[in-house]
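>>> could you work out the structure for the sequence below:
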Amino acid sequence: MSVIAWIALVSCAAWAWLLLGHGLFWRTDQRLPRGCGEPAAWPSVAVVVPARDEAEVLPVSLSSLLRQDYPGRAGIVLVDDGSTDGTGDLARALAERCAWRHGGGLPLTVVSPGPPEPGWTGKLWAVRHGVSVARGEGDPDFLLLTDADIAHAPDSLRRLVAAATSHRLDLVSQMARLRVAGGWERLVVPAFVYFFGQLYPFRWINRDGARTSAAAGGCVLLRTSAADRAGVPGAIRGAVIDDVALARAVRRSGGRIWLGLADHVDSVRPYPRLADLWRMVARSAYAQLRHSVAVLAATVTGLSVVYLAPPLCLAAGVAGGDPVAAWAGGAAWAAMAATYVPMLRYYRQPLRGAVLLPVTAFLYLLMTLDSALRHHRGRGAAWKGRTYPAPRAAPEG
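This is a model prediction of the structure:
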């Protein structure tokens, strides 16, 4: 049997395991439970929004938070993290407009933390300041940590709290549905969530006592008492992948966590060019690999065998008259495409795009290599004008 045939068979075996033995990561049915019982008394919630130069998206995202239909006491703290585009002033204007048009809305406090202290990432420094301000205003029962580009349906907060109280969860996180409008977004964005689910199968995360932990930083509802037990955000102050670090810290301290896909929580941040998406992935990909050359090499090998080899083996088998390579490569490619269909359906994209997953995987491989190259050149993770030359990976848990 040829070398190509062996590679195709290895890829085929890998897909058989991924299809059935890896937490059914490809399914998209981990959603916020419907019909959760509402608490007799709604707990208080502080919504903390770190924002740095977010004037472009605030009219949609912040307005959606101001109009939350929540029966209990709730307020918003927007942390203007050194913005130069008028983010803080716009936030205040949006709150005034909401009060005038709708006769109310959640109260908004806009604060600025100043430059982050050494050892802190900018986002976590802003979150620390926002949580401190929120607790000084009334020590809420829950904290909703949400990014400035995330738009929430009017009942989003209500449903998050109902799920947390009904199921006695300490952390409830939803992965926001990312914007998919342009051609590059259609090619890259659904795969971003697909690969995240493969790395952190949601079913495994949602089991009590599981070792796998992750959250989606755009939407995290966290019990204040759980934050105290876990010592966050101070305990994860330098984490570039802060959402995963947060979930691990909460679980290590005995907390119960849940992660699923969102139906009514959406990112409104546009990524119209490949360069925009490239920066989004490359800024943290190497941190995800713990800045290890050995792990990078294993990842490149794995991506090549699992995602790139099937179509290449099929083509080589057909061209070279190698039926084993052709059939095994074709079967692996078919399994790969089949696992991608649910995510394309979730993103309301044409299902025929599933066959292009090897192309997208190749782009992610290049982004990961570029992330490692940036790190070793001293540029590390970069976001909104800040660069972290030696970012610390999220601690294991």
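>>> from here on, contacts and neighbour counts on C-alpha atoms
Noted.
>>> any chance you could map the helices in this protein?
3-20, 58-66, 87-102, 122-136, 156-166, 183-199, 202-205, 224-230, 242-252, 274-288, 293-303, 309-320, 323-346, 357-376 (DSSP state H).
>>> what comes up buried for the fourth one?
In other words, helix 122-136. 122-131, 133-134 (16 or more other C-alpha atoms under 10 Å).
>>> avg pLDDT for that helix?
If you average the pLDDT over helix 122-136, you get 96.
>>> relative to helix 242-252, how tilted is it?
50 degrees (axes from the mean of the first three to the mean of the last three C-alpha atoms, to 10 degrees).
>>> one more: the second one?
Helix 58-66 runs at 20 degrees relative to helix 242-252, counting by the same axes, to 10 degrees.
>>> and helix 58-66, what other elements does it pack with?
helix 87-102, strand 150-152 (3 or more C-alpha pairs under 8 Å, 6 or more residues apart in numbering; DSSP states H and E).
>>> deepest of these, which one?
Across those, the average number of neighbours (mean count of other C-alpha atoms under 10 Å) peaks for strand 150-152, which reaches a mean of 26.
>>> so for that one, mean pLDDT?
Rounded mean pLDDT across strand 150-152 is 98.
>>> now do the closest residue to residue 25 other than its chain neighbours against residue 215, distance only.
Among residues not flanking residue 25 along the chain, residue 201 sits closest, at 4.8 Å (C-alpha to C-alpha, 6 or more residues apart in numbering). Distance of residue 201 to residue 215, given as C-alpha to C-alpha, to the nearest Å: 11 Å.
>>> more neighbours: which of these two?
Applying other C-alpha atoms under 10 Å to residue 201 and residue 215 shows that residue 215 carries more neighbours, namely 27 against 23.
>>> show me the shaky parts of the protein.
With pLDDT under 70 as the threshold, the chain has low-confidence stretches at 380, 382-383, 385, 387-397.
>>> which residue of it sits farthest from its center?
The C-alpha centroid of the chain is most remote from residue 321, which lies 43.9 Å away (C-alpha atoms, centre = their mean).
>>> ok, now which ones touch the residue nearest to residue 25?
By C-alpha atoms under 8 Å, 6 or more residues apart in numbering, the contact list for residue 201 reads 22-25, 212.
>>> dump the residues you listed to TSV, plus distance to residue 290 and neighbour count.
Shown next, in TSV, are the contacts of residue 201 (distance: C-alpha to C-alpha, whole Å; neighbours: other C-alpha atoms under 10 Å):
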residue	distance to residue 290	neighbour count
22	22	17
23	23	18
24	25	18
25	22	24
212	16	20
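>>> and those residues, which two are the farthest apart?
24 and 212 (14.1 Å; C-alpha to C-alpha).
>>> distance to residue 284 for the helices and strands packed on helix 58-66 - can I get that in CSV?
Output for the helices and strands packed on helix 58-66, formatted as CSV (distance: least, C-alpha to C-alpha, whole Å):
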stretch, distance to residue 284
helix 87-102, 25
strand 150-152, 20
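>>> how about residue 158: what's its closest non-neighbour residue?
residue 70 (5.5 Å).
>>> now stretch 153-168: buried residues?
Buried, per 16+ other C-alpha under 10 Å, within stretch 153-168: 153-154, 156-165.
>>> let's have those residues in JSON lines, adding distance to residue 281.
Below are the buried residues of stretch 153-168 laid out as JSON lines (distance: C-alpha to C-alpha, whole Å):
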{"residue": "153", "distance to residue 281": "27"}
{"residue": "154", "distance to residue 281": "30"}
{"residue": "156", "distance to residue 281": "27"}
{"residue": "157", "distance to residue 281": "28"}
{"residue": "158", "distance to residue 281": "32"}
{"residue": "159", "distance to residue 281": "30"}
{"residue": "160", "distance to residue 281": "28"}
{"residue": "161", "distance to residue 281": "31"}
{"residue": "162", "distance to residue 281": "33"}
{"residue": "163", "distance to residue 281": "31"}
{"residue": "164", "distance to residue 281": "30"}
{"residue": "165", "distance to residue 281": "34"}
